[in-house]
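[1] have a look at this prediction, sequence included:
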Amino acid sequence: MLNGKNAALIAIIVVLMLLFTVGCNSIKTKEEFEEELPQDVVSEGDTEGAEDAEDENVRETVVYYQNEAGYLVPVMRKIPWEEGIAKATLRMTIDSPEIQQDLMAMGLKALLPAGTQIRGMSIKDGLAKLDLSKEAMECENAVAEHNMIQGVTLTLAEFDSIDRVQFMFEGKVVDRLKYGTDVSKPIEPQDVNLEIGSNASSDGAKVTVFFHSNPDAVYDYIVPVTRIISADSASIETAIQELLNGPSDDSLSMDIPAGTRLLGIETDNGVVSINFSKEFGHLAQLPQSEPLVLKSIIMTAKQFPGVEEVKILVEGKEYEGGEVSVSAFANEY
């Protein structure tokens, strides 16, 4: 028979077992907990944490900067993971000694003026409300001001949870900035580095071509340019032809040998063969320009859906110059 002490001990054990069983049944995983939350309650960090991170410590994302000529330049960067990763990404666009040291290696400039602080940001239904300090309103000129608004918008739009940005300054929405940029309403990403081609029509199509920095420059990078053309629709042919037409100013380059003509383009099961005239073969004699030219051509072709591989031909034969490795994005740092 059980004495009083033993009976009490058994009773305590039974109670503990019951409590443990109930506790285990009530434990939810992080995913189960988030499923029960309304969509607008899940935090910014949790929403973005599910997006495309290669591992739990780093997220690859595109950050926009500007060069001396005023072009926006996208750079793929690896951002150390933290809660509120969108804010962490934006901090990499603020002019500071640390960021300047980074950008010196790329020959680029920050978007947000020095001293700018991110006072807050919320994300709901695709709209990011971004509150910046007053320093952000003090850009050095109209180009820098436009680049700040568009570059920040493009950077944030790289996150799946954001498709437009409402800018606020010191907690308030303003109509226009110092140089006239309208920020009264949410800003959507626009065509990057938009320009009008020499023979463009009012209802012409838009193509994005990738030019490169001058081959004799200290820094090498690729710059996307959205160009309005005379054709009614965009295609690989029209895009490559715009590459051959070259950039509109001397700050960018497309160092394809003079006289090069596009002979034709063929597509077969995702493989695009671009056939140039014999003059293109002289590119092999330009070791500084060759990798930049090849990368620009491949990036321009690969923007079109279904293109998995690009082959460059000269008079129908495969180009025998150097090879270039093109990653998923042109500029990486």
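    All right, it came through fine.

[2] from here on, just use CA atoms for contacts and neighbour counts.
    OK.

[3] now do Asn193 against Val183, distance only.
    As judged by CA to CA, to the nearest Å, Asn193 and Val183 stand 19 Å apart.

[4] then Ala142?
    Ala142 is 14 Å from Val183, by CA to CA.

[5] mind checking which of those two has more residues around it?
    Neighbour totals were compared for Ala142 and Val183, and Val183 leads with 17 against 14 (other CA atoms under 10 Å).

[6] contacts for stretch 295-304, please.
    208-212, 222, 235-236, 239-240, 243, 272, 307-310, 324-326, 330 (CA atoms under 8 Å, 6 or more residues apart in numbering).

[7] stretch 172-187 now?
    Outside stretch 172-187, the residues touching it (CA under 8 Å, 6+ apart) are 127, 131, 137-139, 141-142, 145-146, 153, 164-168.

[8] show me which pair in those is furthest apart.
    Leu127 and Asn141 (27.4 Å; CA to CA).

[9] which one's more surrounded, those two?
    Leu127 (18 against 10).

[10] show me the contacts for the closest residue to that one other than its chain neighbours.
    With sequence-adjacent residues excluded and distances taken as CA to CA, 6 or more residues apart in numbering, Leu127 is closest to Arg164, at 5.2 Å. Neighbouring residues of Arg164 by CA under 8 Å, 6+ apart: Gly126, Leu127, Ala128, Thr153, Ala157, Pro186, Ile187, Glu188, Pro189.

[11] for Leu194, same thing?
    Val225, Thr226, Arg227, Ile228.

[12] top of the residues you listed by neighbour count?
    Of the contacts of Leu194, with other CA under 10 Å as the count, Arg227 tops at 25 neighbours.

[13] thought that one was touching Val192?
    No - in this structure, Arg227 is not within contact of Val192 by CA atoms under 8 Å, at 9.4 Å.

[14] just the pLDDT for Ser204.
    Careful, residue 204 is Gly; it's not Ser. Turning to Gly204, the model gives it a pLDDT of 88.

[15] how about the strands of the stretch 51-200 of the chain, start to end?
    Assigned by DSSP state E, counting those that start in this stretch, the stretch 51-200 of the chain shows strands spanning 58-66, 72-80, 118-124, 127-132, 164-169, 194-196.

[16] with Asp95 as the reference, name the closest of those strands.
    strand 58-66 (10.5 Å).

[17] which parts of that closest one are buried?
    Arg59, Glu60, Thr61, Val62, Val63, Tyr64, Tyr65, Gln66 (16 or more other CA atoms under 10 Å).
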